[in-house]
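> What would the 3D arrangement of this be:
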Amino acid sequence: MDIQRTLFRTVATLAITLLAVHFGLVTLSLTPDNPVNHRHKEAIDAYMDPLFTQNWMLFAPNPVSQHRSLAAQARVVNPRTGAMMETEWVDITDPLVKQKQRNRLSSEALVSRHIISGIRNYRHKDESRHLDGEKMLQRVSSTALAKQWPNRNIHEIRFRIITQAVPSFDQRHRDDDFMQREFQDSDWLPFAPAEEEWPL
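Here you go, the predicted structure:
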């Protein structure tokens, strides 16, 4: 009986400690700049992003004004000629969104957050964050293209971030093509799919 009680107390203490650390880091990430969160900013950001990041742009006065999506393209070897050729662009974001809408508990939600975090980092002015974002999007794009073309010999990939303005309320019924789109293409990068199983 004493062993069970000791084990229960140990597990309870560990769980309470982990929860306290979690909520402490969340609180530090949400509070205004202060000496504590400024000193430990990298550790806090590494823990929070991408799973626990909060985006308050859903609410006024600064609602979301842009939609960003990800597409990818590959350089593959033509099996008949042996020449290198470029594939068409493949939409990565839209299938994930549709799957997530069908099943809110699916693992596609995690990959979607990974893409959002990768795009945010890739567009950041800080060089190390930019490179982190590039690696994240390189991995996602490679994994998606590997699933799209499992029998093709893919050598390189590149991704495209598509930014489209969200129409104002009075123009909400207009066609999507009405809103201007911006494209940001990466350089050609090595093909580097995720080693573990992803839903992509």
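> For the protein, which segments are assigned as helices?
Ranges of helices within the chain are 2-30, 35-39, 41-48, 93-102, 108-122, 127-148, based on DSSP state H.
> quick one: the longest one to helix 41-48, angle?
The one in question is helix 2-30. For helix 2-30 against helix 41-48, the angle by axes from the mean of the first three to the mean of the last three Cα atoms, to 10 degrees is 120 degrees.
> Mind listing what's buried along helix 2-30?
25, 28-29 (16 or more other Cβ atoms under 10 Å). Yep, even glycine has a C-beta here, placed from its N, CA and C like the rest.
> hang on, the earlier thing: could I get the helices of the chain as CSV with mean pLDDT and distance to Val77?
Listed next are the helices of the chain as CSV, based on pLDDT from 0 to 100; distance: least, Cβ to Cβ, whole Å:
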stretch, mean pLDDT, distance to Val77
helix 2-30, 89, 46
helix 35-39, 81, 50
helix 41-48, 82, 38
helix 93-102, 84, 26
helix 108-122, 84, 27
helix 127-148, 92, 14
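> right, and those helices - which one's nearest Phe183?
helix 108-122 (12.9 Å; Cβ to Cβ).
> so can I have JSON lines of the helices of the chain showing distance to Ile162?
Shown next, in JSON lines, are the helices of the chain (distance: least, Cβ to Cβ, whole Å):
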{"stretch": "helix 2-30", "distance to Ile162": "29"}
{"stretch": "helix 35-39", "distance to Ile162": "33"}
{"stretch": "helix 41-48", "distance to Ile162": "26"}
{"stretch": "helix 93-102", "distance to Ile162": "8"}
{"stretch": "helix 108-122", "distance to Ile162": "10"}
{"stretch": "helix 127-148", "distance to Ile162": "12"}
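> can you pull the buried residues of stretch 31-47?
Quick answer for stretch 31-47 (16+ other Cβ under 10 Å): 37, 44, 47.
> how distant is it from the center of its chain?
On the basis of Cα atoms, centre = their mean, to the nearest Å, the separation between the geometric centre of stretch 31-47 and that of its chain is 21 Å.
> Just the CA coordinates for it, please, in CSV.
This file holds the C-alpha atoms of stretch 31-47, laid out as CSV (Å, rounded to 0.1, in the frame of the first residue of the first chain):
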residue,chain,number,x,y,z
THR,A,31,2.9,39.3,-20.7
PRO,A,32,4.3,42.6,-22.0
ASP,A,33,8.1,42.9,-22.3
ASN,A,34,9.8,42.6,-18.9
PRO,A,35,13.3,41.5,-17.8
VAL,A,36,12.4,37.9,-17.2
ASN,A,37,10.7,37.2,-20.6
HIS,A,38,13.3,39.3,-22.4
ARG,A,39,16.2,37.3,-20.9
HIS,A,40,14.6,33.9,-21.7
LYS,A,41,12.9,34.9,-25.0
GLU,A,42,14.5,32.2,-27.1
ALA,A,43,13.6,29.4,-24.7
ILE,A,44,10.0,30.6,-24.4
ASP,A,45,9.6,31.0,-28.2
ALA,A,46,11.0,27.5,-28.8
TYR,A,47,8.5,26.0,-26.4
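> on that earlier part again, out of the helices of the chain, nearest to Asn78?
Smallest distance to Asn78 across the helices of the chain (Cβ to Cβ): 16.2 Å, for helix 127-148.
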